[in-house]
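Visitor: Structure here, sequence nowhere to be found:
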């Protein structure tokens, strides 16, 4: 679907000083299949990972390229993938001197344009996002998917209680099948188990896609729903073993959906991580950025905010983060707390969009990151449509589901959001067209569509959203996209993918700036880009983020010390992307007036937003999906917002009582306190022998494992089967919710606390397995990726997207009046993490279809501002509702997705 390119080694490691003359090459991906002279450029600003992962998961760019005659570009973020500043892989990470160049401002200098999805642009200090907002969304996502809050809490409480004694820890070891190499020896180990479960739950919430995915881990469709099914029939009073087993199974929906993992490994350094997924197995640049400039104010607050244990609060967050970073980088690398710039994002970029233009914000209601996204109250958002700024909250959407390849089971809310986005982009590109400026409309209500036989919809614009004949955009829809490295611009370090098959003179360039992973993954999961390319006659380019994938500035030494890794910053990566786009323009001799549309999800959306604000003339417009841009210090996002969103997701799917989940976690904690309890946990959760529940710390890893699975299902709660993070069923939160309902009923029927304990444990196990082990292939739960072979999980925001809480709102400065400057902010109910960027699907909720439709209108006005319908006027999105489609199918070239009847 793309060409992979490496630029020349022309990117300054430091764009802003002359003390370091080192240069490095950047990886980017591009697709010129649909590009025609005069067409647009769709640009994805790389996130925190190899650029391929974002290209693989942003199918909407490819889908829309024909509509815009667009070139597609995914640019990799510096210090991620193969875009590391120094030639040997670990050198970039050797010390602070090198690692210090890993900042967002350097990355913005690297990039040239971005389209941002699920970007938590306000998830910072003073950004207005509560520190607990993320996990609050996680909790809400699970409740909406059928989990009982009290039951889940009971499971966690059971874990805590068992974790206090040797016998309890033995029981936990048995229930969670803790690997012997990561035993639950004490309460700290049990805390690690709890965190392990938390992470799994968070990631399921984030990637709660409506179809199976393998983005983070192999997960079924709607993994949160799948996880919640494990709690079905259970109640807070259920037997601890049942609660903990349910918690284990729920976490395994994320960690072990295939069933291949034999045990639960809580220490990846010992047992290899059979049940921990990863976008990239190399050093973690995102951690460094979170310890320097991108300090996202989030942690779990515990009940009633979320399911999990309290890590910090609004006043203790900074100390919490310092301790965390000291544990990671406080050794030979040379990091100390003085490297933490708590006001970094606020001072570099801010979150007043009053002077910004041509930005589309999309957030999925189920995505925990949505809590950090822009809101209508974000300055510059509510009045932003006059400036080309639109904000969609997509009900039922997970983490930038809108950027993924459209699928037949995408909720209508996602399908319609994509459709509206196409209209917006058309107005960006041709503002004189009739219908510009585009006025966004309400997205359809979210409804779950039947995930059975869910299939991709290639070049399906308008996705049944319009009666407009779109056959002219499908001629080149089957054109293969090469990724053999031919036509490399420069040296081997930086990678990009491109496709020129849709490009025609006068077309645009769709550019995807690489996220935190291999660029291919993002290209594969951003189907909307490919779907829209024919419409926009667009060239497509995905550029890999420095330090991810193959874009490693120092090769194997890129992560060796701070001297090497210090150049891994967002501002460096953006500068890399800018250079890649410049070279890309030269390579294909694009006309000077060719407009670039940046399309990015999550971190890529954040980068795209910041790039547009920092370099307003370099790119013409940004579609930021699930971008928690205000989830930082003073961003006013509640600390527990993420978990709260997960909880809300469960509520939406009918699970208003999630106490059994909490009880299950408490059961794990209780059992983890003694050997007998840990043995029970190991048995119930089938914890891998390489990660044994030896003490409470290892039991904590089991808890984290389950939580991570639930959270990830909340993020990827897509309406069809996906494999973005894991192989997941449609609406995994809903699957999890059904399990919760079943187990809650069983709990209420138990005669003894012993029986109730068993139900609670099996509740968590079954829900976790919706994420980790939907296929049933894993035989054990590995709760430590490095020990059992899986590695750490790093991931890619919407209404139920936990990351959506960190996105901009209409109260964010510059948002409320932003449309006059081309700034739009959408909050699409019921949507998971950047669902709007995925390939349109017949199961997408109508509000997502309408969101995409409005975005296309915005893009069109950006590209042709003199068009009759420009500037685009944002319209309310339809109410979220589950799709009535009996069969989920990808919709290719389906614009306008039946949205302009």
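Guide: Here it is on my side, so go on. Values in this document were obtained by computation on a predicted structure and should not be read as measured data.

Visitor: Surely residue 290 and residue 296 touch.
Guide: Yes - in this structure, residue 290 is within contact of residue 296 by CB atoms under 8 Å, at 6.3 Å. Yep, even glycine has a C-beta here, placed from its N, CA and C like the rest.

Visitor: These two - which one has more neighbours?
Guide: Neighbours were counted for residue 290 and for residue 296 using other CB atoms under 10 Å; residue 296 has more, 28 against 19.

Visitor: host element of the more buried one?
Guide: Residue 296 is located outside every helix and strand, with elements delineated by DSSP states H and E.

Visitor: Quick check: it vs residue 641, distance?
Guide: 11 Å (CB to CB, to the nearest Å).

Visitor: same thing with residue 317?
Guide: For residue 317, the distance to residue 641 - CB to CB - is 13 Å.

Visitor: show me where pLDDT drops low in the stretch 451-600 of the chain?
Guide: When residues are selected by pLDDT under 70, those of the stretch 451-600 of the chain lie in 466-494.

Visitor: ok, 50 please
Guide: For the stretch 451-600 of the chain, the stretches with pLDDT under 50 are 467-493.

Visitor: Pull up the pairing partners for the helix or strand hosting residue 81, direction included.
Guide: Using DSSP H and E, residue 81 sits within strand 71-82. If you go by DSSP bridges, strand 71-82 pairs up with strand 27-35 (antiparallel), strand 496-503 (antiparallel), strand 509-513 (parallel), strand 545-551 (parallel).

Visitor: so which of those gets nearest residue 663?
Guide: Between residue 663 and the strands paired with strand 71-82, the tightest spacing by CB to CB is seen for strand 545-551, at 39.8 Å.

Visitor: After that closest one, which helix or strand is next?
Guide: Strand 545-551 is succeeded, C-terminally, by strand 555-556 (DSSP H and E).

Visitor: Pairing partners for that following strand, with directions?
Guide: By DSSP bridges, strand 555-556 pairs with strand 89-95 (antiparallel).

Visitor: who's in contact with the partner strand?
Guide: 79, 84-86, 98-99, 282-283, 285, 288, 332-334, 547, 552-568 (CB atoms under 8 Å, 6 or more residues apart in numbering).

Visitor: Any of those residues buried? List them.
Guide: Among the contacts of strand 89-95, those classed as buried by 16 or more other CB atoms under 10 Å are 79, 84-86, 98-99, 282-283, 285, 288, 333-334, 547, 552-568.

Visitor: Check what pLDDT residue 318 gets.
Guide: Residue 318 carries a pLDDT score of 88 in this model.

Visitor: Revised request: answer the last question for residue 172.
Guide: Reading off the model, residue 172 has pLDDT 94.

Visitor: For it, give me its contacts.
Guide: 159, 162-163, 178, 184, 190, 193, 244, 668, 671-672, 677-682, 685, 693, 699, 702.

Visitor: Give me the nearest residue to it, chain neighbours excluded.
Guide: In space, and not counting its chain neighbours, residue 172 is closest to residue 681: 2.4 Å by CB to CB, 6 or more residues apart in numbering.

Visitor: And what about that neighbour, helix, strand or coil?
Guide: What DSSP: H, G, I helix; E, B strand; the rest coil gives for residue 681 is helix.

Visitor: on that earlier part again, which one, of the strands paired with strand 71-82, ends up nearest to residue 259?
Guide: Using CB to CB, the strands paired with strand 71-82 put strand 545-551 closest to residue 259, at 28.9 Å.

Visitor: Just the buried residues of that closest one, please?
Guide: 545-551.
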